[in-house]
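Trainee: coords please:
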Amino acid sequence: MIELPDTPDALAIADLVRSNEISAEEVLEITLARIAERNPALNAIVTPLYEEARAAVAQGLPDGPFSGVPYVFKELVVSVAGVPSTAASRLCTNIIPAGDSEIVRRCRRAGLVIVGKTNSSEFGLSTATEPALFGPTKNPWSLEHSPGGSSGGSAAAVAAGMLPMGHASDGGGSIRIPASCCGLFGLKPTRARITAGPEGGEGLAGLAMQHAVTWSVRDSAALLDVTAGPMPGDPYIPAPPKGTYLEAAGRDPGRLKIACSTKAPNAAMVDRQCADATLNAARLCESLGHDVQEAEPEFDVEAVQSGFLAVFQANTMANIARLTGGSLPKEGLVEPLTMAVAEGGMAITATKYIQAIQALHRESRRIADFFNRYDIWLTPTLATPPPLTGYFNNDITNVEQWLAKVLAFSPFTFLSNVTGQPAMSVPLGHADNGLPIGSHFAASYGNEELLFSLAGQLERASPWNHRRPVMI
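Mentor: Take a look at the predicted model:
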């Protein structure tokens, strides 16, 4: 069999296929061999679609920018026709959609070959990927540690070199958290940049977005070029980019005014290693000519956190209610944490929910105003390096304690979900034990192009693609 190195990104693989240096069939078989070798230790891909992938390649692939490149979708949010849509929950194992989500259709048209679905936390509630339905996913950098969540399955698969990129979704940091834990690039797009249709108009009252975890900046940019855009009837649409995201990734961003902070807005303790990684990222930005100042936005942290919780509780119950006819699920069909979150959602009145949304909008305007003075806000992605497997307990039933633990681990990422602004985790640092640490960059609403330009500049100045887990 023709060899394919672990390091090519998706665009490089597509170029090899396009130039007939390797066939799509050969790329697929190499990928499936790597999955067979590496997935058993990681439990990253939980729904194999290998024969479906072979059939898609045999039928002929569209001539798109990613033609012949293998891809995975997260076991949450998206529908793949004829494949169970479990949300990593026993409650949903019999749900089999008849059609693809629009993002899946766009990926197919771009030539991507879907080889499976990846592990997620149940309903995406945990910042680890350890659902009772599928069991825990392990971090390829250290099998004792979590790859983060809720997109930990995709992140582990990509970090382990099974394939160059994978689908992820993000309602409070679930693209950027596993990107940080697994040493990958992860960008959460602007609210509504990628349609949630045809299943829904918005996810988590607009907090949730979809995109991917990748090794390279340009893969993320080129993928967003083919997946971005509304469907007819979407509730709102962000302004389109001035050019392509791929072009932006190769363009110098110019001199930026960057605010930097290592203090968590909610006063959570930030580990020295995460703070140091951020300060190193700030120094790298300064060496590239950017103006870096210590600053952070001012807002009502309690109002944001309580509003965030209300949205998660109410939307979790609403998702469950569609399956149960409005009642709470039977015992054993969902994890104790999910049941507790759903019970809280059932207790929230319509008035309280609207008040929570209004509070989030009010504080979003305060945070967004900060970006009239700064181009970028730089912070740690996470307050600690990757945690051990089992650190986040899905048997917890005290929702306030659960949220406090989540926000102590990830006090920075959820703010961009609240405001709808784009944000990215860039794999620039490592902990003392060698585990990856990401740096978090947020930009103003609709300004993914600026983030891609900065990310491309950082990648060229301090490459990370050569740093791979030992298991590769």
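
Trainee: how close does the residue nearest to residue 159 when sequence neighbours are not counted sit to residue 198?
Mentor: Excluding its sequence neighbours, the residue lying closest to residue 159 (Cβ to Cβ, 6 or more residues apart in numbering) is residue 182, at 3.9 Å. C-beta here means a position set from N, CA and C on the backbone, and glycine is covered the same way. Counting by Cβ to Cβ, to the nearest Å, the separation of residue 182 from residue 198 is 31 Å.

Trainee: the more surrounded of those two?
Mentor: residue 182 (32 against 15; other Cβ atoms under 10 Å).

Trainee: surely that one touches residue 154?
Mentor: No. With contacts counted by Cβ atoms under 8 Å, residue 182 stays clear of residue 154, the gap being 9.2 Å.

Trainee: what do those two both touch?
Mentor: residue 213 (Cβ atoms under 8 Å, 6 or more residues apart in numbering).

Trainee: list the residues that contact the residue nearest to residue 159.
Mentor: 139-141, 147-148, 152, 155-156, 158-159, 213, 436.

Trainee: please apply the same query to residue 407.
Mentor: Counted by Cβ under 8 Å, 6+ apart, residue 407 has contacts 266, 268, 305, 414.

Trainee: so after the helix or strand harbouring residue 346, what's the next helix or strand?
Mentor: Using DSSP states H and E, residue 346 sits in helix 336-347. Using DSSP H and E, the helix or strand that follows helix 336-347 in sequence is helix 350-370.

Trainee: what's in contact with that next one?
Mentor: By Cβ under 8 Å, 6+ apart, helix 350-370 touches 205, 259, 295-300, 303-304, 306-308, 310-311, 314, 348, 377, 415, 418-421, 444-445.

Trainee: now with 6 Å, please.
Mentor: 297, 299-300, 303-304, 307, 310, 314, 418-419 (Cβ atoms under 6 Å, 6 or more residues apart in numbering).

Trainee: for the host helix or strand of residue 225, C-alpha coordinates in CSV please.
Mentor: Per DSSP H and E: residue 225 is located in helix 217-227. In CSV, the C-alpha atoms belonging to helix 217-227 read as follows (Å, rounded to 0.1, in the frame of the first residue of the first chain):
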residue,chain,number,x,y,z
VAL,A,217,-5.1,27.0,10.1
ARG,A,218,-5.7,26.8,6.4
ASP,A,219,-7.8,23.6,6.7
SER,A,220,-10.1,25.4,9.1
ALA,A,221,-10.4,28.4,6.9
ALA,A,222,-11.0,26.4,3.7
LEU,A,223,-13.6,24.3,5.5
LEU,A,224,-15.5,27.4,6.7
ASP,A,225,-15.5,28.7,3.1
VAL,A,226,-17.5,25.6,2.0
THR,A,227,-19.8,25.3,5.0
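
Trainee: for it, packing partners?
Mentor: For helix 217-227, the elements it packs on are helix 10-18, helix 102-109, strand 185-188, helix 245-249, helix 448-461, judged by 3 or more Cβ pairs under 6 Å, 6 or more residues apart in numbering; DSSP states H and E.

Trainee: chain center to the fourth one, what's the gap?
Mentor: The gap between where helix 245-249 is centred and where its chain is centred comes out at 19 Å by Cα atoms, centre = their mean, to the nearest Å.

Trainee: same thing with stretch 422-441?
Mentor: The answer for stretch 422-441 is 14 Å, by Cα atoms, centre = their mean.

Trainee: start and end of it, how far apart?
Mentor: 9 Å (Cα to Cα, to the nearest Å).

Trainee: give the buried residues for it.
Mentor: Along stretch 422-441, these residues count as buried under the neighbour rule (16 or more other Cβ atoms under 10 Å): 422-431, 435-441.

Trainee: list the contacts of it.
Mentor: Counting by Cβ under 6 Å, 6+ apart, 141, 176, 179-180, 183, 186-190, 273-274, 277-278, 281, 376, 378-379, 381, 385-386, 412, 416, 442-443, 448, 451, 455, 458, 464 sit against stretch 422-441.

Trainee: list the buried residues for stretch 132-140?
Mentor: Buried, per 16+ other Cβ under 10 Å, within stretch 132-140: 132-134, 136-140.

Trainee: contacts only, for the residue most central in space within the chain.
Mentor: By Cα atoms, centre = their mean, the chain has its centre lying nearest to residue 175, at 1.5 Å. Neighbour list for residue 175: 151, 168, 186, 188, 211 [criterion: Cβ under 6 Å, 6+ apart].

Trainee: okay, now the third one: neighbour count?
Mentor: When counting by other Cβ under 10 Å, one arrives at 35 neighbours for residue 186.

Trainee: burial count for the nearest residue to it once chain neighbours are set aside?
Mentor: Leaving aside its sequence neighbours, residue 186 sits nearest to residue 179 (Cβ to Cβ, 6+ apart; 2.7 Å). Number of residues near residue 179 (other Cβ under 10 Å) recorded here: 36.

Trainee: in this structure, which ranges drop under the pLDDT threshold?
Mentor: Scanning the chain for pLDDT under 70 picks out the ranges 1-3, 5-6, 471-472.

Trainee: winner for burial among the helices and strands packed on helix 217-227?
Mentor: Of all these, strand 185-188 has the most neighbours on average by mean count of other Cβ atoms under 10 Å, namely a mean of 32.

Trainee: taking helix 448-461 as reference, get the angle to the helix or strand just after that one.
Mentor: Using DSSP H and E, the helix or strand that follows strand 185-188 in sequence is strand 209-214. Relative orientation of strand 209-214 and helix 448-461, computed by axes from the mean of the first three to the mean of the last three Cα atoms, to 10 degrees: 10 degrees.

Trainee: between the contacts of residue 407, which sits nearest residue 31?
Mentor: Closest approach to residue 31 among these (Cβ to Cβ): residue 414, at 33.5 Å.

Trainee: if we ignore the residues flanking it in sequence, what's nearest residue 250?
Mentor: residue 456 (5.8 Å).

Trainee: quick one, strands of the stretch 251-400 of the chain?
Mentor: 257-260, 291-294, 376-380 (DSSP state E, counting those that start in this stretch).

Trainee: contact partners of the last one?
Mentor: Outside strand 376-380, the residues that touch it by Cβ under 6 Å, 6+ apart are 256, 258-261, 274, 278, 412, 440-443.

Trainee: and the residues you listed, which two are furthest apart?
Mentor: Among the contacts of strand 376-380, 256 and 274 lie farthest apart (Cβ to Cβ), at 22.1 Å.

Trainee: so for those two, which residue has more residues nearby?
Mentor: Using other Cβ under 10 Å, the more surrounded residue of residue 256 and residue 274 is residue 274, with 26 against 21.

Trainee: for burial, what's the neighbour tally of residue 358?
Mentor: 12.

Trainee: er, residue 197 actually
Mentor: Count around residue 197 with other Cβ under 10 Å applied: 16.

Trainee: quick one on the thing from earlier: dump the buried residues of stretch 132-140 to JSON lines, plus distance to residue 324.
Mentor: Formatted as JSON lines, those follow (distance: Cβ to Cβ, whole Å):
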{"residue": "132", "distance to residue 324": "18"}
{"residue": "133", "distance to residue 324": "17"}
{"residue": "134", "distance to residue 324": "22"}
{"residue": "136", "distance to residue 324": "27"}
{"residue": "137", "distance to residue 324": "27"}
{"residue": "138", "distance to residue 324": "32"}
{"residue": "139", "distance to residue 324": "34"}
{"residue": "140", "distance to residue 324": "37"}
